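Peer 1: okay, here's the prediction I keep looking at, along with the sequence it came from:
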Amino acid sequence: MATAIHNGMDAPELCAPSPRDLHKCEIERKICLSVVVLGASGDLAKKKTFPALFTLFKRGFLPKNVAIIGYARSKLNIKDLRATIAEHLKGASGDVSRFLDLIAYLPGSYDSAEGFQGLQAVLVTREQQYGMCPAGRLFYLALPPSVYPQVCKGLKENCSEMAAQCNSWLRLIVEKPFGMDLASSEELANQLGALFPEEQLYRIDHYLGKEMMQNMLVLRFANQFIQPAWNRNFISNIQICFKEPFGTDGRGGYFDQFGIIRDVMQNHLMQVLALLAMEQPVSLAADDIRDEKVKVLRCLAAVRPDETVLGQHTAAGSQAGYLDDPTVPKGSRTPTFASCILRINNERWAGVPFVMKAGKALNERKVEIRVQFKPPAATIHNNSLDAMRNELVMRVQPDEAIYMKMVLKRPGLSVEPIVSEMDLSYKQRYSATFIPDAYERLLLDALRGDQQHFVRRDELRAAWAAFTPLLHAIDAGELTPLPYPAGTRGPHEADVLAAKAGFVKTSAYVWKDVSFWNEASASLSP
Ligand SMILES: NC(=O)C1=CN([C@@H]2O[C@H](COP(=O)(O)OP(=O)(O)OC[C@H]3O[C@@H](n4cnc5c(N)ncnc54)[C@H](OP(=O)(O)O)[C@@H]3O)[C@@H](O)[C@H]2O)C=CC1
Ligand SMILES: O=C1O[C@H](COP(=O)(O)O)[C@@H](O)[C@H](O)[C@H]1O
């Protein structure tokens, strides 16, 4: 069994389910599992859902009695569906073909009982075949939320009767966007809530399945030196940054209805903020964690338009501008970039600005959290106090890393203070460790009935409440997105906003990766 994951030496063992994980799976192994992918013909299903199921299958996490049933309106034949799915699977051909054999397809509409009755017949036949086992039904709604109410109604009325075996279960995974603002989100939640209780609804936010997000509570609450410093007495400001180097990639028609705040900030980045800012939960039980997230989200003040910068990218180099996308309405004012300050009114965080920034068509792909500490109150050294700020950076992607910028004496004869870092780059430290994709983890959690990494209704409500007044002001045309050339860092005004929030860019620091230092020290060796 893998014991010392900190040194990476025994990492290969982590690639397979550990005995502990297998034990957890044992419960699942005895069931007759049906995973129904609704919207099986769509983009999400082929790019994320089926590949994640494949990884779980090839790593031995799915039970023996499993079937995967695709359901969609298109009249596809199973051969074509399997061929499309196969294009997105990475693995040995034997694994791929055994996985594809598990997949069946059922065409049916989303708004009439007939299709769902057909689905029920398939499910019941399977479950009767394995009559002695409890059954599990996982419905994955890889569909636009506009059809959730009718699909959930169809499932409730036609597909929720299961043979009364104890431990049988039925769960639904639903994807964002959950509404357009607080009122529409509540309406959707009411519609779904009238059909299925919260314990059966798994609202997926795939950021909660990312390695660094899952690490957050351990990092924060298992390290004694972090705990006492994690508050307004020590922290000056926190930056949560999401950057993508590509634009809407032909999804402009979809994106234009939402904009970057609804697409990324209200959900993914808000979850990051909640994990960063929440108090220690009573336990790791799903509802204990979610209770704390709700508490801190409810302390958020509504985001202010005068503390927001919006941007929209223009053409530059080989990249088209947002408005050049033929699927984007002419003259659209939808922001592809936003930066804003979030303020948490509680004892821990009052006065600490959380700067959230997200943009498409920027200069790099990066998601990171940067906790900037206050400078020391006084110094005996000759550099400025601001140059001596510590920063804890958690890079979510690419290449997970945690590094702490520290001030040290320059090695050698000099006594000059310089900024260096304590660097935990996962690629070096855990090079042989398999880091699962977010969807793989979350699907496994849903199969195990663990809601810890799924968004509860009241979390959603609190997250929408903070952004809704701003979104309404944007929708009413009260804020104008500033143009920024594709491939840049976004509007300069965002840096001005970050500076207003107290962020100081430490310019004296130049990072070199470990190979540089190894070569440098080798050249100095006798
Ligand atoms: N383990 C590892 O892999 C490590 C890697 N590094 C790498 O070293 C490099 C430097 O690291 P680091 O100093 O942390 O990060 P950067 O210098 O890249 O950025 C620091 C912060 O300053 C902001 N910033 C950048 N340019 C400007 C500007 N012109 N005006 C105002 N703000 C600005 C950045 O925002 P924005 O992101 O929007 O540009 C970011 O919030 C990075 O590439 C980092 O990945 C460093 C340590 C460890
Ligand atoms: O939900 C979304 O997320 C992706 C970014 O996800 P990532 O895992 O690649 O960081 C974003 O591109 C997309 O616009 C948004 O809808």
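Peer 2: Thanks, I have the structure now. Numbering: from 1, shown residues only. Ligands and ions are numbered 1, 2, ... in the order given.

Peer 1: and stretch 151-165, end to end?
Peer 2: In stretch 151-165, first residue to last residue: 25 Å (C-alpha to C-alpha, to the nearest Å).

Peer 1: pLDDT averaged over it, what's the number?
Peer 2: Per-residue pLDDT values over stretch 151-165 give a mean of 92.

Peer 1: which other residues reach that stretch?
Peer 2: The contact list for stretch 151-165, computed with C-beta atoms under 8 Å, 6 or more residues apart in numbering, reads 38, 110-113, 115-117, 119-120, 123-124, 127-128, 131, 133-135, 137, 139, 141, 143, 168, 170, 172, 191-192, 195-196. Heads up, the C-betas are built off the backbone N, CA and C, glycines and all.

Peer 1: may I see the ChimeraX selection of the buried members of the residues you listed?
Peer 2: Restricted to buried positions by 16 or more other C-beta atoms under 10 Å, the ChimeraX selection for these reads:
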select :38,110,115,116,119,120,123,127,133,134,135,137,139,141,143,168,170,172,192,195,196
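
Peer 1: skipping adjacent residues, who's closest to Cys159 in space?
Peer 2: If the residues on either side of it in the chain are set aside, Cys159 comes closest to Gln120, at 4.7 Å by C-beta to C-beta, 6 or more residues apart in numbering.

Peer 1: let me redo that: Ser74
Peer 2: Nearest residue to Ser74 in three dimensions, chain neighbours excluded: Ser41, at 4.4 Å (C-beta to C-beta, 6+ apart).

Peer 1: so how far is Ser97 from the one you found?
Peer 2: The gap separating Ser41 from Ser97 is 21 Å, by C-beta to C-beta, to the nearest Å.

Peer 1: could you do Asp324 as well?
Peer 2: Separation of Asp324 from Ser97 (C-beta to C-beta): 42 Å.

Peer 1: looking at it, Met278 is touching Asp288, isn't it?
Peer 2: No: the criterion here is C-beta atoms under 8 Å, and Met278 misses it with Asp288 at 10.7 Å.

Peer 1: who's in contact with Leu510?
Peer 2: Leu isn't right for residue 510; it's Val. Neighbour list for Val510: empty [criterion: C-beta under 8 Å, 6+ apart].

Peer 1: residues in contact with the residue of the chain found nearest ligand 1?
Peer 2: Using C-beta to the nearest ligand atom, Trp511 is the residue of the chain that sits closest to ligand 1, at 3.1 Å. The neighbourhood of Trp511, defined by C-beta under 8 Å, 6+ apart, consists of Glu421.

Peer 1: now the strands for the stretch 251-400 of the chain?
Peer 2: Taking DSSP state E, counting those that start in this stretch, the strands of the stretch 251-400 of the chain run over residues 308-314, 337-342, 354-359, 366-373, 391-397.

Peer 1: could you dump the ones you listed to a markdown table with mean neighbour count and mean pLDDT?
Peer 2: Listed next are these as a markdown table, based on neighbours: other C-beta atoms under 10 Å; pLDDT from 0 to 100:
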| stretch | mean neighbour count | mean pLDDT |
| --- | --- | --- |
| strand 308-314 | 24 | 98 |
| strand 337-342 | 26 | 98 |
| strand 354-359 | 25 | 98 |
| strand 366-373 | 20 | 98 |
| strand 391-397 | 20 | 97 |
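
Peer 1: closest one to Pro245 among those strands?
Peer 2: Of all these, strand 366-373 sits nearest to Pro245, with 9.0 Å by C-beta to C-beta.

Peer 1: just how off-centre is that closest one within its chain?
Peer 2: 16 Å (C-alpha atoms, centre = their mean, to the nearest Å).

Peer 1: what is it packed up against?
Peer 2: strand 235-243, helix 270-277, strand 391-397 (3 or more C-beta pairs under 8 Å, 6 or more residues apart in numbering; DSSP states H and E).

Peer 1: adjacent strands (with direction) for the last one?
Peer 2: So the one you mean is strand 391-397. Paired strands of strand 391-397, with direction, are strand 366-373 (antiparallel), strand 401-409 (antiparallel) (DSSP bridges).
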